[in-house]
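Trainee: coords please:
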Amino acid sequence: MRVFLALAIGLGASAAIAAPSPSKSDRAIFAAAGMVWKGGAWRSNCDDPGTAGYLGGAIERLGDINGDGREEVIVTEGSSYCYGTAETAFWLLSAQPDGKWRLIHRDTGVPMVLKTRGMANWPDVAIGGPGFCFPVKRWNGTAYVPNRFEYEGKRCRPAR
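Mentor: Take a look at the predicted model:
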C-alpha cells in the first residue's frame, strides 16, 4: 500500500516506506497531525486494536507544492478497521513561517496531488479508494472543499 501511495502522490518507490524517526521535526509533524507514539508506531485516535494490516503513521515528503517556499508533507495511516475499504487516512500539513506545522486537510482515502490548482496555488487533491471515479477537492482559500469527480484526468460521475 505504501508503494501505491508514493506513486499516487508522485514520489516513486524509493520514498515509499517511511519509518518513524525520532527527529524533532518529524515529532512536530506527527503532533500537528494529532498523532501520538504508542505501541511502537505513530497512531491517530482511530483505535485500531492491532489488526494484521495496521500501518502506523508515516511521512510522505512532498516538497513545496504551492510555491510559498515552505515544505508540505502528507502523513498517512493504514487500517481497514478504521478506514474501511479505502484502508488509508491522510493529513496534509504545511510548514509555517514560525517553524510550526499547520494541518491543512485531513481525509480518508489515498491522496493524489494533481496538477490543477485552487486558490493561492494549492494543488487539487483527488481522494482515491475503491472504484474508478474519485472525488477531487480544491483549496478555496480556507479549506479543501469538493470540486468534481474524475478518473485518470477525465471528469466522471460516481456510480450510485
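Trainee: Would you map the strands across this structure?
Mentor: Along the chain, counting by DSSP state E, strands occupy 36-38, 41-43, 55-63, 72-78, 88-95, 101-108, 110-117, 123-128, 134-139, 144-151, 154-155.
Trainee: out of these, which comes closest to Lys24?
Mentor: strand 101-108 (11.6 Å; CB to CB). In short, each C-beta sits where N, CA and C put it, glycine included.
Trainee: Please enumerate residues in contact with that closest one?
Mentor: 28-29, 31-34, 72-73, 83-84, 86, 88-96, 122, 125, 127, 129, 137, 139, 143-144 (CB atoms under 8 Å, 6 or more residues apart in numbering).
Trainee: Just the buried ones out of those, please.
Mentor: Burial by neighbour count, 16 or more other CB atoms under 10 Å: within those this picks out 29, 32-33, 72-73, 83, 86, 88-95, 122, 125, 127, 129, 137, 139, 144.
Trainee: so what does whichever helix in the chain runs longest touch, helix or strand wise?
Mentor: In terms of residue count, the longest helix belonging to the chain (DSSP state H) is helix 24-32. Contact partners of helix 24-32 among helices and strands, from 3 or more CB pairs under 8 Å, 6 or more residues apart in numbering; DSSP states H and E: strand 55-63, strand 72-78, strand 88-95, strand 101-108.
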